[in-house]
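Chemist: A predicted structure for the sequence below; I have some questions about it.
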Amino acid sequence: MNESAQDISAAISALASARSEEREAAAAAIFHAALREAEPLARAWASEPEFARLIGAPAPSITAGVAVEPELFVAIRNANGSPRLSDVPAEQDVLEYHLNFSQGAGAVARLEILTARDPSGEGAVARYLRKFGRNIQHIEIATSDVDRAVEILRTRFALQPIYAQAHPGADGSRINFFLVANPQGKKLLVELEEEAIVAAYDRSRHVMCGRTPE
């Protein structure tokens, strides 16, 4: 990230602020840091026309996956109107919810807030938090067909997915991951997510965060 880890950590903490303008500014900083990492990769992959169609290029739906400690997970949720917890397969040892912040002109800062069910366990988020602390853990790109999107990245860009087959994700979605290097050589965990139709419809009804009564 262009911002330091300390800057991102501070912005994540500010998502729990009682002041809506502080939460909005924090969400924008986190989301745009994630976009700076994801957009060069998404543009390169979208040079393949079929992949571009699968992710809705030139305006793909990108979400910053933010890992936080359990106490901060609760504080952020309480400060932002207690959004619904996602239904995550138990074996993934994750709790999560989504926050959407309007950025004006139709733009939305999309965040997925994650924590470990068992902070001392061996789940991916628990291990990440022990190693790195609160931070942007992954970047999610929505796709209409995760299997085909993965196949294109594997065969045409020589990238290897984390899973041989897509796994069940939150709210009936299907997911896979790639650990890839961005143009600066930094490793980035990218999630491709194919939402279930019902889940996608439900998420579209979420109230925007930020401008709530103080």
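Modeler: Received, thanks.
Chemist: Contacts for the host helix or strand of residue 149 next, please.
Modeler: Per DSSP states H and E: residue 149 is located in helix 146-156. Helix 146-156 has contacts (Cβ atoms under 8 Å, 6 or more residues apart in numbering) with 45, 48, 50-51, 54-55, 143, 159-161, 166, 174-176, 178, 192-194. Every residue, glycine included, has its C-beta placed from N, CA and C.
Chemist: Is it possible to mark the buried ones in those?
Modeler: 45, 48, 51, 54-55, 143, 159, 161, 166, 174-176, 178, 192-194 (16 or more other Cβ atoms under 10 Å).
Chemist: Just want the angle from the helix ranked longest in the chain to helix 146-156.
Modeler: What stands out as the longest helix in the chain, according to DSSP state H, is helix 20-45. Interaxial angle of helix 20-45 relative to helix 146-156 (axes from the mean of the first three to the mean of the last three Cα atoms, to 10 degrees): 50 degrees.
Chemist: so for helix 20-45, what's the average pLDDT?
Modeler: Here helix 20-45 scores 94 as its mean pLDDT.
Chemist: can you pull the buried residues of it?
Modeler: By 16+ other Cβ under 10 Å, the buried positions in helix 20-45 come out as 20, 22-34, 37-39, 41-42, 45.
Chemist: related to what we said a few turns ago, go through the contacts of helix 146-156 and flag which are in helices.
Modeler: Per DSSP H, these map to helices at 45, 50-51, 54-55.
Chemist: helices or strands up against the longest helix of the chain?
Modeler: If contacts are counted by 3 or more Cβ pairs under 8 Å, 6 or more residues apart in numbering; DSSP states H and E, helix 20-45 sits against helix 5-14, helix 49-55, strand 62-67, strand 94-104, strand 107-116, strand 135-142, strand 187-194.
Chemist: Please tell me how far the last one is from the chain's geometric centre.
Modeler: Shown here is strand 187-194, whose average C-alpha point lies 8 Å from the average C-alpha point of the whole chain (Cα atoms, centre = their mean, to the nearest Å).
Chemist: from here on, count from 769
Modeler: Sure thing, new numbering starts at 769, so read that last one as strand 955-962.
Chemist: Averaged pLDDT, it. What do you get?
Modeler: For strand 955-962, mean pLDDT is 96.
Chemist: Adjacent strands (with direction) for that strand?
Modeler: Strand 955-962 pairs in its sheet with strand 903-910 (parallel), strand 942-949 (antiparallel), by DSSP bridges.
Chemist: picking up where we left off before, just want the angle from the longest helix of the chain to strand 875-884.
Modeler: Going by the same axes, to 10 degrees, helix 788-813 makes 90 degrees with strand 875-884.
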